[in-house]
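**Q** Structure for this input, please:
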Amino acid sequence: MTESPFVEPTPYTVAVQAALATVPCQLFSLWALTADQVAVEDWIVQVAARLSPEQHRFNRLLFAAFGAALAPNVALTDFPGYLAALPGASFQVRLLEATHAIANPTLRAEAEALLADPAGLQERIVEHLRHLWESLLAPEWQRHAHLLTRMTSTLNALIFSQPQWQAADPFHALRFLLQREPDDRQLVQAAGVRRILLVLSPHVRLHLARFDQGETLWVVRTFDPQLLRRDPLRRAEVLGPLSALADDTRLRILELLVEHGEQRAQEIMTRLEGSQGNVSRHLKQLVNAGFARERRAGDANKLYTYDPAGLQRVMFLTRQLLSRHNVEAVGQEMAASAQLEQARAGAPPILRDLLDEQGRITRWSGKAKEQEAILRYLLDKFEPDHSYTEQQVNELLRTWYLDADFVLVRRSLIDAGLLQRTRDGARYWRT
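**A** Numbers count the residues shown, from 1 in each chain. Sure thing, here's the model as predicted:
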């Protein structure tokens, strides 16, 4: 049978993992100090404001012109060690190669002027990075190092150790790591990669990078708890942000922000001919739903911009909600909930919060009345006029009590006079 020419080819796969790329991640933080249009945490904004004009200018030039030459070995974990190993002939070659790759003629001219003194340029780069590290980044990094290590390890253990992440659809993987639909630029960056590394950063909210057009895509981002989410998505989580779009005035506000760029609240009121209270309410809903960003101007006014990430996010959530995996998971959760209600309906009211959907005790209680109810509930699982070995008692308790402390429960049943046993503990029976 001839295959249709219009059938999409099977997509290639990628391996995905979280990486503790310490030195590269530290360089991303230093780059973010002077980078344009990169979402960053407040620490970056505050530190960038403390840079001198010359530090700011050189840092911007350094990463714009020579960023590719600074790329370190992923395994490096010591920034001072990285700086010590940086100068040398190979670094000089990388600086030249980075300069030749610059498309902007003005930037290239600045880079070539610095390269007129190769040794002086290398020394200046190292001293600049050392100063930023020792005076700004080192103490800040110390605050985050342990958490970054722990969260990277947790992601690999709970998520990326699953077989599907060793051969994942690249665009499905990218959606998951971004927690939203990728834009056109991000899709281009992901094309042809064979490996995706998630690198957690305390400062850069989201940035994608590919070094030397290699087959590895770096997704550098702050930690999002949704990456560890195991429960299914619910309709209400999608309806929330969608409802923010289900209003003509709010859609008109977004159109204004797209058309005119950043706007003061007063400008939006004037264009809409609306009241302050009404427009402010709509703006607040758009900001809360992630479709607009808000910042304070120098005065008391607030400035608003359209945030396309909000639309990407709601598209991602809708796709997730309607995925077969999520629909099946919701169905299983609803069935388990119904089973739980059924199991609890036949139990004494005092025990209902202590039972799971299979009618098993989930925990021991510190309250005497609940302890007594637990013991009598377990006693009902023993047949009258029947004796049990210790192993059989343990198996019965395991069936009806999650993670039971067999010694504690057996002793409690005997002390309460509900069970009896032979002197040697070989046989047990109901009183």
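
**Q** mind checking the SS state of Arg344?
**A** helix (DSSP: H, G, I helix; E, B strand; the rest coil).

**Q** Just list the residues touching it, thanks.
**A** 351-352, 355 (CB atoms under 8 Å, 6 or more residues apart in numbering). No exception for glycine: its C-beta is placed from N, CA and C like everyone else's.

**Q** how does it look with 10 Å?
**A** Residues in contact with Arg344 (CB atoms under 10 Å, 6 or more residues apart in numbering) are 351-357, 359.

**Q** Using pLDDT, spot the least trustworthy of those.
**A** By pLDDT, Glu357 ranks lowest within the contacts of Arg344, coming in at 78.

**Q** The nearest residue to that one once chain neighbours are set aside: neighbour count?
**A** Residue nearest to Glu357 in three dimensions, not counting chain neighbours: Leu340, with 3.7 Å by CB to CB, 6 or more residues apart in numbering. By other CB atoms under 10 Å, the residues close to Leu340 number 16.

**Q** sorry, back to before: now the buried members of the contacts of Arg344.
**A** The neighbour-count criterion (16 or more other CB atoms under 10 Å) marks 351, 354-355, 359 among those as buried.

**Q** Find the pair from the residues you listed with maximum spatial separation.
**A** Leu354 and Gly359 (10.5 Å; CB to CB).

**Q** Between the two, which contacts overlap?
**A** When CB under 10 Å, 6+ apart defines a contact, the residues bordering Leu354 and Gly359 alike are 344, 347, 377.

**Q** how about TSV for the residues you listed, with pLDDT added?
**A** Shown next, in TSV, are the shared contacts of Leu354 and Gly359 (pLDDT from 0 to 100):
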residue	pLDDT
Arg344	76
Ala347	79
Tyr377	89
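
**Q** Which helix or strand in the chain has the lowest average pLDDT?
**A** The weakest-scoring helix or strand in the chain, judged by mean pLDDT, DSSP states H and E, is helix 324-345 (a mean of 84).

**Q** Now do the buried residues in that one.
**A** In helix 324-345, the ones that count as buried by 16+ other CB under 10 Å are 330, 340, 343-344.

**Q** mind listing which of the buried ones among the contacts of Arg344 are in helices?
**A** Among these, none falls in helices (DSSP state H).

**Q** Gln358: what's it in contact with?
**A** By CB under 10 Å, 6+ apart, the residues touching Gln358 are 336, 339-340, 343, 399-400, 402.

**Q** Can I get stretch 15-25 in CSV, CA atoms only?
**A** Below are the C-alpha coordinates for stretch 15-25, written out as CSV (Å, rounded to 0.1, in the frame of the first residue of the first chain):
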residue,chain,number,x,y,z
ALA,A,15,16.3,12.6,26.2
VAL,A,16,15.3,15.0,29.0
GLN,A,17,16.9,15.5,32.4
ALA,A,18,17.5,18.2,35.0
ALA,A,19,21.2,19.2,35.3
LEU,A,20,23.0,21.0,38.1
ALA,A,21,25.1,23.1,35.7
THR,A,22,26.5,25.3,38.4
VAL,A,23,29.0,27.5,36.6
PRO,A,24,26.9,27.9,33.4
CYS,A,25,24.0,28.9,35.6
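
**Q** pLDDT on it, on average?
**A** Here the average pLDDT along stretch 15-25 is 93.

**Q** go on, stretch 45-65?
**A** pLDDT averaged over stretch 45-65 gives 95.

**Q** Tell me who's in contact with Val393.
**A** 382, 406, 409-410, 413, 419, 421, 425, 427-429.

**Q** Are we agreed that it is in a helix?
**A** Yes - counting by three-state DSSP, Val393 is found in a helix.

**Q** Tell me the spacing between it and Ala347.
**A** Taking CB to CB, to the nearest Å as the criterion, Val393 is separated from Ala347 by 21 Å.

**Q** what ranges do the strands span in the stretch 1-150 of the chain?
**A** 15-18 (DSSP state E, counting those that start in this stretch).

**Q** Enumerate every residue touching Ala21.
**A** Contacts of Ala21 by CB under 10 Å, 6+ apart are 27-28, 72-77, 152, 197-201, 218, 220.
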